[in-house]
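Enquirer: give me coordinates for this.
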Amino acid sequence: MKVDLGNHFCPNLSQKKFPLPLASLLVNFPFALTIALGINLILGRSGVTGEMVALESAMAPEAIFAQGVKAGEAGNYAEAVELFSVVLNLSPDSPETHYNRGLAWERLGNVDQAIADYGRSIALDRYYIPPYINRGNLYSQQQDHYGAIEDFTQAITYDPNRYKAYYNRANSYFQLGQYAQAIADYNRVLVLRPDYINAIYNRGLAHFQAGQLDNSRQDLLFSAQAYLNRGDRRSYLEALDQMSELGL
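Expert: Alright, predicted model coming up:
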């Protein structure tokens, strides 16, 4: 079975989540100085004047968030965790920041911290889809397929066009032996994304488990040719090997 996690850092930050206007920070200069010095230690900067400290502190959440995204995308996940933590110290009610820190924790292999941050993100904004997808993926990796299905179903409820939620839910149904439900979800994926070859390949495996051998052979042959046409020889050979192992 082919798994597609599809995780990525959210580049956008809700401005309304940060109730720290410039005027309040200028009045409370010691607070501004403390925050800015901590930020500059994390970012490795020095030699900042008092005026620059106050101004940077007022703009800190957005700027630090952007630095965190940049660090995460560059694979510097520990740095990303630190930067997103600074943002959350300024405003703990940002679902995007909790989500991004959760993804950084996930990339570091800290599943418990990742799940906790995804949960906080969802608690702050239940309509925010990415943490449902990522937490569902982690539940699936931990063999908690019922928990995964619940998260993917919530994502689908709020966004019926989220094809990867259908795909991942189908994979969890497959792992639970609920092949009819898996096939139905793979079908839905292919309505939304007809070129999603992995869904055709996995549907072929589900058809086989359901005893639908002709459908299984058709899906696996089609996916093998599609992989080859795309230049993915490894997946092409994998599909052929799978057919051989299944006696198709």
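
Enquirer: look up the pLDDT of residue 75 for me, please.
Expert: Confidence per residue is given as pLDDT, and for residue 75 that number is 90.

Enquirer: now residue 15
Expert: 50.

Enquirer: likewise residue 34?
Expert: 45.

Enquirer: do the one 5 residues further on as well
Expert: Reported pLDDT at residue 39 in the predicted model: 46.

Enquirer: would you map the helices across this structure?
Expert: With DSSP state H as the criterion, the chain has helices at 22-27, 29-43, 50-73, 77-90, 95-107, 111-124, 130-141, 145-158, 163-175, 179-192, 197-209, 213-229, 233-245.

Enquirer: could I get these as TSV with distance to residue 7?
Expert: All C-beta spots, glycine's among them, are computed from the backbone N, C-alpha and C. Shown next, in TSV, are the helices of the chain (distance: least, Cβ to Cβ, whole Å):
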stretch	distance to residue 7
helix 22-27	34
helix 29-43	24
helix 50-73	10
helix 77-90	12
helix 95-107	6
helix 111-124	10
helix 130-141	6
helix 145-158	13
helix 163-175	10
helix 179-192	18
helix 197-209	16
helix 213-229	23
helix 233-245	21
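
Enquirer: to residue 10, which of these lies closest?
Expert: helix 95-107 (4.9 Å; Cβ to Cβ).

Enquirer: what's that closest one packed up against?
Expert: helix 50-73, helix 77-90, helix 111-124, helix 130-141 (3 or more Cβ pairs under 8 Å, 6 or more residues apart in numbering; DSSP states H and E).

Enquirer: please identify the most buried of these.
Expert: Mean neighbour count (mean count of other Cβ atoms under 10 Å) peaks for helix 130-141 among these, with a mean of 24.

Enquirer: residues contacting it, please?
Expert: 5-7, 10, 95, 98-99, 102-103, 106, 111, 114-115, 117-119, 121-122, 145, 147-152, 154-155, 158, 162, 164-165, 168-169, 171-172, 175 (Cβ atoms under 8 Å, 6 or more residues apart in numbering).

Enquirer: check stretch 69-78 too.
Expert: 9-11, 79-80, 83, 100, 103-105, 107-108.

Enquirer: and residue 152, how far from residue 128?
Expert: 15 Å (Cβ to Cβ, to the nearest Å).

Enquirer: who has more neighbours, the two?
Expert: Comparing residue 152 with residue 128 by other Cβ atoms under 10 Å, the one with more neighbours is residue 152, at 29 against 19.

Enquirer: show me what contacts that one?
Expert: 132-133, 136, 165-166, 168-169, 172.

Enquirer: all set now, cheers.
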